[in-house]
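>>> what's the 3D shape of this:
(chains A, B, C and D)
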Amino acid sequence: MIQHRVLAFAAAAEIFGGSSCAVALPAGATVADLRQRLLEDHPALGELVTFAIARNELYALPEEVLEPGDELVVIPPVSGG
Amino acid sequence: MIQHRVLAFAAAAEIFGGSSCAVALPAGATVADLRQRLLEDHPALGELVTFAIARNELYALPEEVLEPGDELVVIPPVSGG
Amino acid sequence: MEDILLSADPLSIDACYAAVQDPSCGGICLFVGTIRNQNKGAVVTHLEFSSYDAMALREMRRIAEAAREMHGLHAVSVHHRTGALAIGDVAVIIAVSSVHRAAAFAGCAWVIDELKKSVPIWKKEFLEDGSYWVGARP
Amino acid sequence: MEDILLSADPLSIDACYAAVQDPSCGGICLFVGTIRNQNKGAVVTHLEFSSYDAMALREMRRIAEAAREMHGLHAVSVHHRTGALAIGDVAVIIAVSSVHRAAAFAGCAWVIDELKKSVPIWKKEFLEDGSYWVGARP
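Prediction:
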């Protein structure tokens, strides 16, 4: 199992109750696996219109494999501008 | 005959050789009549891409009848902005 | 609200912005037209505007009012320079405010398009080897 | 050229204009997004931005570069505020310069559209009776 630290902003941070949470996933787990686990651990994420996952400051595709040390961030619907 | 004073700007002023010229036209003459007379008196106006005639600070229609004291202006192609 | 200016002094973007800004508006679009250093490949050294001031102001106001009506804008500012300008100088500023931004972009583009079609202002470009009234002759 | 800024201090329209202005360009289009005093009928008292700064800057730069490429722009400036803002404060400024104005309008509109879609910045609106993250929930 690999320990990942997942950061959150805005509505996602309020759902986490803080600016990050820890998630343990098997080696080879993908972004899609992380998304599923986050929804299990924090069902309120499902209340958002949508959310994306950023990996190392880029929007991640579902099939991307997580690496130890990745910067992972939950991105709720953006509303800048 | 009514004496009209016709102002000109830019390329039209250069063709007139000054900022205005005088034109005598019968009572009841229209903007179209004025245009024709201006082209006769200053054939170089025909070298312009086009020109409009303004009457009392508005673009005039060909059928408008000239009145004594009208402010008449030759408007060569505009190029502001 | 319409804010119209024809001025021999340098134009101010901040003045145009301030004229249209309003707490009800989320979007302001500005267009700033400046003097380019070339036109159709020829090197432009400087430029002079001639203007039929009374009619130019009347046309600028008509266009601003029509833009507000057509695009549902809150306010429109149209400032145009007169006299001699150097390369890089600001010739015209359009600022429009609206509740939503799509109308601001469409309205601002419409105003500058119309201004270039109908406002009696004329640009004389000075090249290294002469000068001419822009657009006057084929 | 791209000029990108994320700042806790008030934004400057003049700074964005200066960043994109060039003697080869005849047209500069700016968009200024400000804080409205209402949204969907509710009275907004103030607002706070939260931002994932490193990624926001990266996305802002990506959008500016893509806009230059797609619309043939000379330069693009994108400045966004962070922190607490009052009604009327400037949240974002986009400035783009190009040789011809149609590209400037199209490019500027594209940048603000894309920014609102993908840059990780979040707006919390404070109403008279509570607060919420804009667009987060249905």
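>>> Would you enumerate the residues in contact with the residue of chain A found nearest chain C?
In chain A, the residue that lies nearest chain C is A:Gly81 (8.7 Å; Cβ to the nearest Cβ). Where you see a C-beta, it was placed from the backbone N, CA and C, and this is true even at glycine. Residues near A:Gly81 by Cβ atoms under 8 Å, 6 or more residues apart in numbering or on different chains: D:Gly33, D:His80, D:Ala91, D:Val92, D:Ile112, D:Leu115, D:Lys116, D:Val119, D:Ile121.
>>> Excluding chain neighbours, what is closest to C:Asn39?
Counting by Cβ to Cβ, 6 or more residues apart in numbering or on different chains, C:Asn39 lies nearest to C:Glu125, which is 6.2 Å off, once chain neighbours are set aside.
>>> how about the one you found, what does it touch?
C:Glu125 touches C:Asn39, C:Val44, C:Leu47, C:Ser131, C:Tyr132, C:Val134, counting by Cβ under 8 Å, 6+ apart.
>>> so the last one sits right up against C:Lys124, yeah?
Yes - taking contact to mean Cβ atoms under 8 Å, the distance of 7.3 Å between C:Val134 and C:Lys124 places them in contact.
>>> Quick check: the gap between the residue nearest to C:Asn39 and D:Ile28.
20 Å (Cβ to Cβ, to the nearest Å).
>>> three-state assignment of the residue of chain A closest to chain C?
Secondary structure, DSSP: H, G, I helix; E, B strand; the rest coil: A:Gly81 is coil.
>>> what's the answer for A:Ala27, then?
With three-state DSSP as the basis, the three-state label of A:Ala27 is coil.
>>> What's the separation between it and chain D?
Separation of A:Ala27 from chain D (Cβ to the nearest Cβ, to the nearest Å): 25 Å.
>>> what's the neighbour count on the residue in chain C that chain B sits nearest to?
When scored by Cβ to the nearest Cβ, chain C has C:Ile121 as its residue closest to chain B, at 3.1 Å. Around C:Ile121 there are 28 other residues, counting by other Cβ atoms under 10 Å in any protein chain shown.
>>> C:Ser77 now?
A count of nearby residues for C:Ser77, using other Cβ under 10 Å, gives 25.
>>> C:Phe31 now?
Neighbour tally, C:Phe31, other Cβ under 10 Å: 26.
>>> Would you confirm that it contacts D:Tyr17?
No - using Cβ under 8 Å, C:Phe31 makes no contact with D:Tyr17, being 11.6 Å away.
>>> which residues are common contacts for these two?
Each of D:Ile28, D:Leu30 lies in contact with both C:Phe31 and D:Tyr17 under the rule Cβ under 8 Å, 6+ apart.
>>> Partner strands of the lowest-mean-pLDDT helix or strand in chain C and their direction?
The helix or strand of chain C with the lowest confidence, counting by mean pLDDT, DSSP states H and E, is strand C:38-39 at a mean of 83. Taking DSSP bridges as the criterion, strand C:38-39 pairs within the sheet with strand C:42-51 (antiparallel).
>>> okay, whichever helix or strand comes after the partner strand in CSV with CA atoms only?
As assigned by DSSP states H and E, the chain's next helix or strand after strand C:42-51 is helix C:53-71. In CSV, the C-alpha atoms belonging to helix C:53-71 read as follows (Å, rounded to 0.1, in the frame of the first residue of the first chain):
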residue,chain,number,x,y,z
ASP,C,53,-16.1,68.1,-34.3
ALA,C,54,-19.8,68.9,-33.8
MET,C,55,-21.0,66.0,-36.1
ALA,C,56,-18.3,63.6,-34.8
LEU,C,57,-19.6,64.1,-31.2
ARG,C,58,-23.2,63.7,-32.4
GLU,C,59,-22.3,60.5,-34.2
MET,C,60,-20.3,59.1,-31.3
ARG,C,61,-23.3,59.7,-29.0
ARG,C,62,-25.7,58.1,-31.5
ILE,C,63,-23.5,55.0,-31.7
ALA,C,64,-23.1,54.8,-27.9
GLU,C,65,-26.9,55.1,-27.4
ALA,C,66,-27.6,52.5,-30.2
ALA,C,67,-25.1,50.1,-28.6
ARG,C,68,-26.7,50.4,-25.2
GLU,C,69,-30.1,49.7,-26.7
MET,C,70,-29.0,46.8,-28.9
HIS,C,71,-26.8,45.0,-26.5
